[in-house]
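In: Sharing a model prediction with you, sequence too.
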Amino acid sequence: MKTQYGFFDNDSKEYVIKRPDTPLPWINYLGADEYCAMISNTAGGYSFYKDARERRILRYRYNNVPMDRGGRYLYIKDSKSKDFWSATWQPTMSDLDEYECRHGLGYTKISAEYSGISSEVTYLVPLGENLEVWMLKLKNSSKKKRELSVFSFVEFCLWDALNDMTDYQYNLNIGETSYEDGTIYHLSRFRVEGNYLAYFACSNSKVSSFDSQRRDFLGNYGSMSAPEAVIKGKCKNSIACGWSPVGAHQVKVKLAPKEEKTVIFVLGYAEKPSDVPKTVKKYKDAEKVEEELGKLKEFWSKNISKYSVETEDDDVNTMVNIWNQYQCRTTFNWSRSASYYEAGIGRGMGFRDSNQDTLGFVHQIQGKVKQRIIDLASTQFEEGDAYHQYSPLTKKGNGRGYSDDHLWLILSTASYIKESGDIDFLFEEVPYDTGNKSTMYEHLERAINYSVTHVGPHGLPLIGFADWNDCLNLTIDKGKNKAESVMVAMMLVAAAREMARLAEISGKTADSTKYVEIAKSMSEQINKEAWDGAWYVRAFDDDEKPVGTSKSKEGQIYLETQAWAVMSGVADDARAKKCMDSVKKMLATEHGVMILQPSYDKFHPELGSITVYPPGLKENGAIFCHPNPWAMIAETILGRGDNAFKYYKAILPAARNKIAGLHKVEPYVYCQMIAGADHKDFGEGKNSWLTGSGSWNFVAISQWILGVRPDYKGLIVDPCVPKEWDGFEVKRTFRGCDYYITVRNPDHVSKGVSSVTVDGVKVGGNLIPAMNDKKEHHVEVIMGKNSQPK
Ligand code: GLC
């Protein structure tokens, strides 16, 4: 099995793929704001504006054979030999002499060499635009004069992606296009809604022919690999009126030996047809496109420069400084709505997911996070719980009944305030789903109160349809609605503790005492009811029986309640160590920590969809990457840096580059899960890109392992690293100041800070006070034996 497909080029902040036939499409996201374009290493993918379901611009065929069709295709045809190939390998899959794909931050470049012609296509979404530019550079590297035709091809989606793939009696009759001056307009639904359209233009070259009806370009029985128009060397200038709108141009290019030419295409979304020609013209020359590419690179460099590290481990540096932060912004933007594994139809902005996504992104742009928290809180019910998700286009919520959603709001709000210092946010008025408003503080109070007042027979929060683990559906079989979640109980403790601190710094002393009390009594309840002897049980089912106990044959131990017992402070020192030791013994593997063991072998209706999956996949015993960082954080709290870092490295995408053939998904971003030890493909990654793993892993490494953690009054420095490390450096922007932090570890401890010096002056403890003076500050941290935890 070939294991290496590419490498990291950190100087250019690019991942370089050297062969097109990656085990799965390796994709990139173009567009930092409202226009999203997913593109694979062979130019597959699609685009949408704001909402992957309602405003789908390009059609993509999920689960297609062959894999990864359609896309942003460019065919090159030699007029003499009649041979043709794709500049991006797909869809002709010709045997290219050279191939390279460079995924960069917000752009992708694919180059090829075939029969003496070099090509390089750069795809990007310029900042602030609702369009994508494809710039094709062609060079004649042969000794002969060459006459080529370039054919572009996209297939339009009829906007509503669900209808597009289901209702053919309707949608085969709504397609409409028009053509003017090298621009194909996609106008389906424009006659009804009149306020949006897509266009596909060639902005810098004469168009010799075009097609906008699919059958005219591909042929009735043709295919994307061998379109009839490309074979015949000419399009039919077709206009779609019904059937299947596409966009295809033919541009003739003559090249003398060594000569180079550039052909530029612009695909975009617009709300006024009259704006389009002006927009297209902006991109009529290569200099402008290069300039936009430069701006994009600068934009990304600036965003990710708010946190950077220099450690002894290159994989850590690569991921923390570049790719993990890039993924965090992508998940922040699109939640779980659209990836190569999320079809962009069922899931909008998830309440729990989006709250968690802010944790790994808040250091980049606080304003965006604040707005997101407001949008989420606006879908909260006055009772305190929340819609499960909302539509990005209308911001209207849907789905209800999960027991954890609302509690994440407290953690995201606290993390936003710690980063920004904006404590006043707590007293801003924010609407509920009904439109009635209260302060943000009250939103949080109601969230806690909901969980405090909805408890079951053991005095623990009812699980409802599910908690963080979507598949633990303990009430649907028996329908008694008595099942309880120990994880939510622990989250409630963590949330109440945070609320107590927020109340205290807001001068609400009585509230603070109340929340300390809530945390205390819920902790006692958990310790009384949910300790199994060597770990915490995961839940109680509808018959009041424990789930995740040594007494059952399968599903004896679950990861979530061990890590959260430590993170929330529910476990005392002895139980904390004991339960995390059980995790190490029973769940940890060389590919990461499994979510439970042993996996369920059969379907158990009383447990719900967790047992739908075969052993070792998804929530049934996979290495679920999202809760893995919880185990890392728990280990750092216990001071066991070697364990924490081992868990971190096991699922670190860059560290898995060397086993890319097994890992299969992209080695530059986290995936949702890696097949567990109970599965024959143990170690195989799945469902990449849009996952809470991105955000939580960033939190684990930056705030807990490297240990530079924003708090209300400043930055806490509390590293917990492998003992063998000599030290490391962190540069972090915090409330307008740049902190250059050097950590030394002369005694080779895992944890414990013996001194902190800020700008040459020793500070007591390990809090760097927020300076708020927009200046640079130099911090020296010495780790040492004196302060080792017991
Ligand atoms: C998926 C969901 C997330 C859920 C997790 C565990 O990643 O997006 O909301 O918490 O699965 O079930």
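Out: Received, thanks. If you're wondering where the values come from, they're calculated on a predicted model, not measured in any experiment. Numbers count the residues shown, from 1 in each chain.
In: Buried residues in stretch 275-289, which are they?
Out: Of all the residues in stretch 275-289, those buried under the rule 16 or more other C-beta atoms under 10 Å are 276, 279-280, 282-284, 286, 288-289. Any C-beta I mention is one placed from the backbone N, CA and C, and that applies to glycine too.
In: now for the residues you listed, which pair is the farthest apart?
Out: 276 and 286 (20.8 Å; C-beta to C-beta).
In: so which strand or helix has residue 583?
Out: Under the criterion of DSSP states H and E, residue 583 resides in helix 573-586.
In: Flag every buried residue along the one helix or strand residue 442 maps to.
Out: Of the helices and strands defined by DSSP H and E, residue 442 is found in helix 440-453. Judged by neighbour count (16+ other C-beta under 10 Å), helix 440-453 contains these buried residues: 440-448, 450-451.
In: next structured bit after that helix?
Out: Next in line after helix 440-453, if elements are assigned by DSSP H and E, sits strand 484-485.
In: Which of the buried residues of stretch 275-289 fall in strands?
Out: The strands in this structure, assigned by DSSP state E, contain none of the buried residues of stretch 275-289.
In: Just the ones of these in helices?
Out: Within these, membership in helices is found for 276, 279-280, 286, 288-289, as judged by DSSP state H.
In: Is it correct that residue 150 is in contact with residue 73?
Out: No - in terms of C-beta atoms under 8 Å, residue 150 does not count as a neighbour of residue 73; the distance is 10.7 Å.
In: Quick check: buried residues in stretch 552-565?
Out: 554-565.
In: wait, what's in contact with the closest residue to residue 750 other than its chain neighbours?
Out: Distances taken as C-beta to C-beta, 6 or more residues apart in numbering place residue 641 nearest to residue 750, at 3.2 Å, with adjacent residues excluded. For residue 641, the contact set (C-beta atoms under 8 Å, 6 or more residues apart in numbering) comprises 635, 705, 719-723, 750-751.
In: Flag every buried residue along the longest strand seen in the chain.
Out: Longest strand in the chain, counting residues (DSSP E): strand 146-159. Along strand 146-159, these residues count as buried under the neighbour rule (16+ other C-beta under 10 Å): 146, 148-159.
In: Alpha carbons only: can I get that strand in CSV?
Out: The C-alpha trace of strand 146-159 is given here as CSV (Å, rounded to 0.1, in the frame of the first residue of the first chain):
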residue,chain,number,x,y,z
ARG,A,146,0.3,24.2,-30.8
GLU,A,147,-3.3,24.9,-31.4
LEU,A,148,-5.5,24.2,-28.4
SER,A,149,-9.1,24.5,-27.3
VAL,A,150,-9.9,25.0,-23.7
PHE,A,151,-13.4,23.9,-22.7
SER,A,152,-14.7,24.9,-19.3
PHE,A,153,-17.6,23.0,-17.6
VAL,A,154,-19.8,23.3,-14.6
GLU,A,155,-23.2,21.9,-13.9
PHE,A,156,-25.6,24.2,-12.1
CYS,A,157,-27.8,23.0,-9.2
LEU,A,158,-31.3,24.3,-9.3
TRP,A,159,-30.7,26.1,-6.1
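In: so what strands line up beside it?
Out: Strands flanking strand 146-159 in the sheet, each with its direction: strand 56-58 (antiparallel), strand 73-78 (antiparallel), strand 245-255 (antiparallel) (DSSP bridges).
In: Show me which residues of this protein sit near the ligand.
Out: By C-beta under 6 Å from any ligand atom, the part of the chain that sits against the ligand consists of 336, 350, 352-353, 468-471, 619, 626, 672, 691-692.
In: Nearest to residue 482, out of those: which one, please.
Out: The shortest approach to residue 482 among the residues of the chain next to the ligand belongs to residue 469, at 18.0 Å (C-beta to C-beta).
In: ok, now which ones touch the closest one?
Out: Under the criterion of C-beta under 8 Å, 6+ apart, the neighbours of residue 469 are 487, 560, 595, 610, 619.
In: Please identify the helix or strand for the first one.
Out: Looking back up the chat, that one is residue 487. Assigned by DSSP H and E, residue 487 belongs to helix 486-505.
In: got the contact list for the residue of the stretch 651-790 of the chain found nearest the ligand?
Out: Distances between the stretch 651-790 of the chain and the ligand by C-beta to the nearest ligand atom are smallest at residue 672, namely 5.3 Å. Residues counted as contacts of residue 672 (C-beta under 8 Å, 6+ apart) are 341, 624-626, 686-688, 691, 693.
In: That one sits in which helix or strand?
Out: strand 671-674.
In: Going by residue numbers, what spans are helices in the stretch 551-700 of the chain?
Out: Taking DSSP state H, counting those that start in this stretch, the helices of the stretch 551-700 of the chain run over residues 560-567, 573-586, 628-637, 641-651, 660-663, 692-699.
In: out of the buried residues of strand 146-159, who's nearest the ligand?
Out: Taking C-beta to the nearest ligand atom as the measure, the ligand sits nearest to residue 157 out of the buried residues of strand 146-159, at 23.9 Å.
In: my guess is the closest one contacts residue 164, does it?
Out: Yes - Residue 157 is in contact with residue 164 according to C-beta under 8 Å; the separation is 5.1 Å.
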